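[1] Sequence and predicted structure below; questions after.
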Amino acid sequence: MHDFKYRERDLYCEDVLIQDIAEEVGTPFYLYSYNTLRNHFLVFDEAFKDIPHMICFAMKANSNLSILKTFIREGGGLDIVSGGELYRALLVGADPRKIVYAGVGKTKEEIRYALESDILMFNVESPQELFLIDEVAEELDCKARVALRVNPDIDPMTHPYISTGLKTHKFGININNALKEYKLAESLEYIEIVGIHKHIGSQIVQISPFVDALEKIIFLAKSLKEAGINIKSLNVGGGLGITYKDETPPHPRDLAAEIIPLLSDTDHTIIFEPGRVIVGNAGILVTKVLYTKLGEGKSFLIVDAGMNDMIRPCLYNSYHEILPLRENSTSRKIVADVVGPICESGDFFAKDRVISELKRDQLIAVMSAGAYGFTMSSNYNSRPRVPEVLVKGKEFFIIRQRENYEDLVKGEEIPEFLL
Ligand SMILES: *Cc1c(COP(=O)(O)O)cnc(C)c1O
């Protein structure tokens, strides 16, 4: 469900004509619906209201401060993967005791920053990381709360680049060694074990991988208990998929119906780290047709956004629906590639797409662009990054300015000998 809908022939975001925003901010730009964002968060939260739970939004999916604030105001926590994300989280007023920190390559400085900030816990991905956290905690004379991220060796049945829970992946600690590593953790003076963490991948559209993985970590929790290690929380990660084209992912309620019974004889707090499912369909990328090349054999619509603005089609061959901001009922359909201005053949938003024939200067929306869209953007080809706009009801707000050429060279210096 989302709030991007046609009224008559024009595409609206909530009660705002998207064309009006384009006139004010120019193209391309990312556009988000506040109502959709908030609803998605609340629906997820509501699904698990009957069990002790915490929802830590995976901010790598979308880390704009206003969007983080939207969830924090509803009581949400955050899942972070870097010092930079911690900085954003604290800046926007997130409660540190609702911040969980994953990632295979945390640096010493990042660990110190997180300990000084008193975050809820580290999701530790290797024994070496455990030793380093213990060492830094000793320097700061504090206890570091940790969960071990275990790799349950479950195939999430999604794109290989976004699968993380097979033993061939770099993430987590092999579940078969977990007991040993928990005992190691217990022997460290400045480590306090609080949980188990797993995250098996992204854009998962079936329930069974979640159930299988949860069963494995519940079993691990029992083994730990027998070994005298009592954990407080089970963190089941994120990964719930969304509809880009014709996928039928489970509703959070369906997921809840399957997993709550598994937890009936435990009193663990369940932590969720949803990213894509909260923000994916709450955002679009608006771009303008610059040129059309309707050739023999192959046709192209060349738009003003490129793979630097949204890399998902290039990186994952992902499908994004493309809608004109103004429907033209009479126009005929063509088959075309929708491509950007970048000097790479991977710079496309759609291939061989049946689309209404569009003319120069017409605007289109690349749908389902709210997750891993802006956060994965870059300045490749020295293109300033695009603005982000948030709609609430009849109003819209620029929540990030368009970069300018000066921003592009910020921090660069030419050494004396070249002058
Ligand atoms: C990326 C990530 C998530 C979020 O994944 P989604 O598919 O966007 O829900 C959650 N937890 C961890 C550890 C991650 O790396």
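    Yep, it's here.
[2] Look at Lys183 and give its secondary structure.
    Classification of Lys183 by DSSP: H, G, I helix; E, B strand; the rest coil places it in helix.
[3] Next up, the contacts around it.
    227, 229 (CB atoms under 8 Å, 6 or more residues apart in numbering). Just so you know, the C-beta spots here come from the backbone N, C-alpha and C atoms, and that holds for glycine as well.
[4] I'd like the distance between it and the ligand.
    Using CB to the nearest ligand atom, to the nearest Å, Lys183 is found at 24 Å from the ligand.
[5] Phe272 too?
    Per CB to the nearest ligand atom, Phe272 is found 9 Å from the ligand.
[6] tally of neighbours for that residue?
    Residue crowding around Phe272 was assessed by other CB atoms under 10 Å; the count is 25.
[7] Just the pLDDT at it, thanks.
    At Phe272, the pLDDT value in this model is 98.
[8] What strand or helix carries the closest residue to it other than its chain neighbours?
    Counting by CB to CB, 6 or more residues apart in numbering, Phe272 lies nearest to Ile55, which is 5.1 Å off, once chain neighbours are set aside. Per DSSP states H and E: Ile55 is located in strand 53-58.
[9] who does that strand pair up with?
    strand 77-80 (parallel), strand 269-272 (parallel) (DSSP bridges).
[10] Which of those has the highest mean neighbour count?
    Using mean count of other CB atoms under 10 Å, the stretch among these with the largest mean neighbour count is strand 77-80, at a mean of 28.
[11] Show me what from the stretch 101-250 of the chain comes close to the ligand.
    102, 199, 202, 237-240 (CB under 6 Å from any ligand atom).
[12] Could you report the pLDDT at the one residue sitting closest to the centre of the chain?
    Centroid-nearest residue in the chain: Ala61, 1.9 Å away (criterion: CA atoms, centre = their mean). For Ala61, the pLDDT comes out at 98.
[13] In this structure, where's the longest helix?
    The single longest helix within the chain, with elements called by DSSP state H, is helix 208-226.
[14] What's the end-to-end length of stretch 328-337?
    19 Å (CA to CA, to the nearest Å).
[15] likewise stretch 338-346?
    Note: stretch 338-346 ends 11 Å apart using CA to CA.
[16] tell me which residues in it are buried?
    Of all the residues in stretch 338-346, those buried under the rule 16 or more other CB atoms under 10 Å are 338-342.
[17] Any idea how far it is from the middle of the chain?
    Its chain's C-alpha centre and that of stretch 338-346 lie 24 Å apart, by CA atoms, centre = their mean, to the nearest Å.
[18] Tell me how many other residues crowd the residue in the stretch 1-150 of the chain positioned nearest to the ligand.
    Distances between the stretch 1-150 of the chain and the ligand by CB to the nearest ligand atom are smallest at Ala58, namely 3.3 Å. Here the number of neighbours of Ala58 (other CB under 10 Å) works out to 28.
[19] What's opposite it in the beta bridge?
    Asp79.
[20] and it, what pLDDT?
    For Ala58, pLDDT reads 98.
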